[in-house]
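Chemist: quick check, what structure comes out for this input:
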Amino acid sequence: MKWADKTTERLDEMQRECSLEDISDGKRYQGEDLAKVDCQDCVGCSDCCHDMGNTIILDPRDIYELTKGLQQTMEQLLTTTIELNVVDGIILPNLKMQKQGNQCAYLNEKGRCRIHDIRPGICRLFPLGRVYENGGFSYFLQDKECKSNHRSKIRIRKWINLPEWKTYEKFVLAWHDYVKATIERQREASEEEKKQICVRLLTVFFLTPYQEQDFYAQFFQRIEKENDLNNTM
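Modeler: Numbers count the residues shown, from 1 in each chain. Next up, the predicted model:
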């Protein structure tokens, strides 16, 4: 299975039943570490953009970047390049594969990404994955997933290539913890409560537009409010 984001927990789109050693070089990395992931701009290859099914799950930052960069609403994206699917009992958006060629809808005729500057976090991460443990996370290299034989070492922070790095990693952890808690809460809920949980998550974090400036401040404000609300229930 490609595009791993979780390995030690059974809670989202990238569940695994194997050990870290089975799918990686056995090492854990941090953002400042070097890892052999640079595939020289993927020239002539787009294998990781094909046959992905519904596994390219999007987080709130991904939707913010897509709606801002493409000047489309979430509702508009849902009619073209994004779909909703159930992930461990909750509903989350993912990139939709095209029926013809079973490839990402944002791949052009030359096999290049049309949204490379605003590509989703999972796309930026590949062929790395994340393992969450002890209240934080580290990265690992999926050494059998990328077919390139000419990868070179690059700093992980540079490979993912996002500004405000510490804030981005804080966001990744906060969203992971929120999704995990929501899944656990949903498992104990009635059928009507499960529907309400799913609708609220989608409405608060995906369907309610973000202002163009300072996504992170808006996200943390929303998630703090939701956590406070959930803690009072």
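
Chemist: for the lengthiest helix in the chain, what is the average pLDDT?
Modeler: For the chain, the helix with the greatest residue count under DSSP state H is helix 165-187. On average, the pLDDT along helix 165-187 is 96.

Chemist: list the buried residues of that helix.
Modeler: Applying a neighbour-count criterion of 16 or more other C-beta atoms under 10 Å, one finds 168-169, 171-172, 174-176, 178-180, 182-183, 185-186 buried in helix 165-187. C-betas here are computed from N, CA, C, even on glycine.

Chemist: ditto for stretch 98-114
Modeler: Those would be 103-104, 106-107, 113, for stretch 98-114 by 16+ other C-beta under 10 Å.

Chemist: please apply the same query to stretch 194-203.
Modeler: 194, 197-198, 201-202.

Chemist: got it, and stretch 215-225?
Modeler: Per 16+ other C-beta under 10 Å, stretch 215-225 contains these buried residues: 215-216, 218-219, 222-223.

Chemist: distance to Lys153 and pLDDT added to these, as a markdown table?
Modeler: Listed next are the buried residues of stretch 215-225 as a markdown table, based on distance: C-beta to C-beta, whole Å; pLDDT from 0 to 100:
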| residue | distance to Lys153 | pLDDT |
| --- | --- | --- |
| Phe215 | 30 | 97 |
| Tyr216 | 29 | 98 |
| Gln218 | 36 | 98 |
| Phe219 | 32 | 98 |
| Arg222 | 37 | 97 |
| Ile223 | 35 | 97 |
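
Chemist: what's the closest of these to Gln72?
Modeler: Phe215 (16.3 Å; C-beta to C-beta).

Chemist: ok, now which ones touch Glu164?
Modeler: Contacts for Glu164 (C-beta atoms under 8 Å, 6 or more residues apart in numbering) come out as Tyr216.

Chemist: that one and Gly53, how far apart?
Modeler: Relative to Gly53, Glu164 is positioned 31 Å away (C-beta to C-beta, to the nearest Å).

Chemist: next one: Lys194
Modeler: Taking C-beta to C-beta, one finds Lys194 at 24 Å from Gly53.

Chemist: what's the closest non-adjacent residue to Leu58?
Modeler: Counting by C-beta to C-beta, 6 or more residues apart in numbering, Pro93 is the residue found nearest to Leu58 once chain neighbours are left out, at 4.7 Å.

Chemist: check Ser138 too.
Modeler: Arg28 (4.1 Å).

Chemist: now the end-to-end length of stretch 142-157.
Modeler: Stretch 142-157 has an end-to-end distance of 17 Å (C-alpha to C-alpha, to the nearest Å).

Chemist: can you list contacts of it?
Modeler: Stretch 142-157 is contacted by residues 2, 4, 23-25, 29-40, 42, 45, 47-48, 126-129, 139, 165 when judged by C-beta under 8 Å, 6+ apart.

Chemist: avg pLDDT for it?
Modeler: 81.

Chemist: how far off centre is it?
Modeler: Centroid separation for stretch 142-157 versus its chain: 19 Å, with C-alpha atoms, centre = their mean, to the nearest Å.

Chemist: then stretch 97-105?
Modeler: For stretch 97-105, the distance to the chain centre is 19 Å (C-alpha atoms, centre = their mean).

Chemist: pLDDT on it, on average?
Modeler: Mean predicted lDDT for stretch 97-105 stands at 85.

Chemist: alright, that wraps it up for me.
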